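1. need coordinates for the following:
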Amino acid sequence: MATPDNPATVSRPRFRNWRAFSVVALGGLLIALVMFFGVGQWLVVEDPLVKARAIIVLSGAMPLRAVEAAKLYRQGYAPEIWLTHSTEPGETLEGMGIPFSGEDHYNRLILIHEGVPAEAIHVLEPRIVNTADEIKVVAAALGRESNRTVIFVTTKAHTRRVRLLWRTLVPGQGRAIVRAASGDSFDPRHWWRTTSDALDVVREVLGLLNAWAGLPLHRAQ
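-> Numbers count the residues shown, from 1 in each chain. Take a look at the predicted model:
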């Protein structure tokens, strides 16, 4: 029985509480470390390749995505490559009186350089601002095509978000095969070692949170 004359007895419950708290805190720290070091690998997902209606070059990361798309085209996975038409930086430069041909123009030149015939390259409209826009534009372009499978080519850290956005925004409107550019230097096992990889992880985690929340934030590439 605990009494003022027996402080050792009084301290036992406090010691047990402190020990339990320490165990929980240590467990939480271990989980946080596992999540921190593992998030890079978790972000990277790829689907098995199958024949598709088109290969989609998502905006950004020139020339990596276009080069990979050309490789898949040469391997016979689709008869066409579709490009999206980004609003920026074209609109801003236009307002400054500076001509800009557009990212799709340069991606087209890259594809032709890599052996893709000009007639197999198509630019989708309307213009896009972010990945969510690209998903919607691609789904609309599929229309009533008999083959409603497309291959999305993007960078490694971006793959999980592309898959999530397709399943969230256009469920049941076709099949999306998500592939990462093989030339991408992103290191999923050691992403914290370089600024570029760390920025990719932060951007993609925030993008996924935004997607899970129903896309309340806009205009993020």
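2. send me the longest strand along the chain as CSV with only the CA atoms.
-> If you go by DSSP state E, the chain has its longest strand at strand 121-128. Extracted in CSV, the C-alpha atoms of strand 121-128 (Å, rounded to 0.1, in the frame of the first residue of the first chain):
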residue,chain,number,x,y,z
ILE,A,121,2.5,12.3,-83.3
HIS,A,122,-0.6,14.1,-82.2
VAL,A,123,-1.1,17.1,-79.9
LEU,A,124,-4.2,17.0,-77.7
GLU,A,125,-6.4,19.9,-77.0
PRO,A,126,-7.5,21.8,-74.9
ARG,A,127,-4.5,23.3,-73.2
ILE,A,128,-3.6,21.8,-69.8
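3. only the buried residues of it, if you could.
-> Neighbour-count burial for strand 121-128 flags 121, 124, 127-128 (criterion: 16 or more other CB atoms under 10 Å). Bear in mind the C-beta positions are built from the backbone N, C-alpha and C, glycine included.
4. remind me what that strand packs against, helices and strands.
-> Here strand 121-128 touches strand 81-86, helix 103-113, helix 131-142, going by 3 or more CB pairs under 8 Å, 6 or more residues apart in numbering; DSSP states H and E.
5. let me have the ones you listed in JSON lines, extended by mean neighbour count and distance to Ala176.
-> Listed next are these as JSON lines, based on neighbours: other CB atoms under 10 Å; distance: least, CB to CB, whole Å:
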{"stretch": "strand 81-86", "mean neighbour count": "23", "distance to Ala176": "13"}
{"stretch": "helix 103-113", "mean neighbour count": "18", "distance to Ala176": "19"}
{"stretch": "helix 131-142", "mean neighbour count": "20", "distance to Ala176": "8"}
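6. of the ones you listed, which is nearest Glu204?
-> helix 131-142 (10.3 Å; CB to CB).
7. can you list contacts of that closest one?
-> Contacts with helix 131-142, where a contact means CB atoms under 8 Å, 6 or more residues apart in numbering, come from 53-54, 56, 58-59, 82, 84, 124-126, 128, 148, 150, 152, 158, 161-162, 165-166, 169-170, 173-174, 207, 211, 215, 221.
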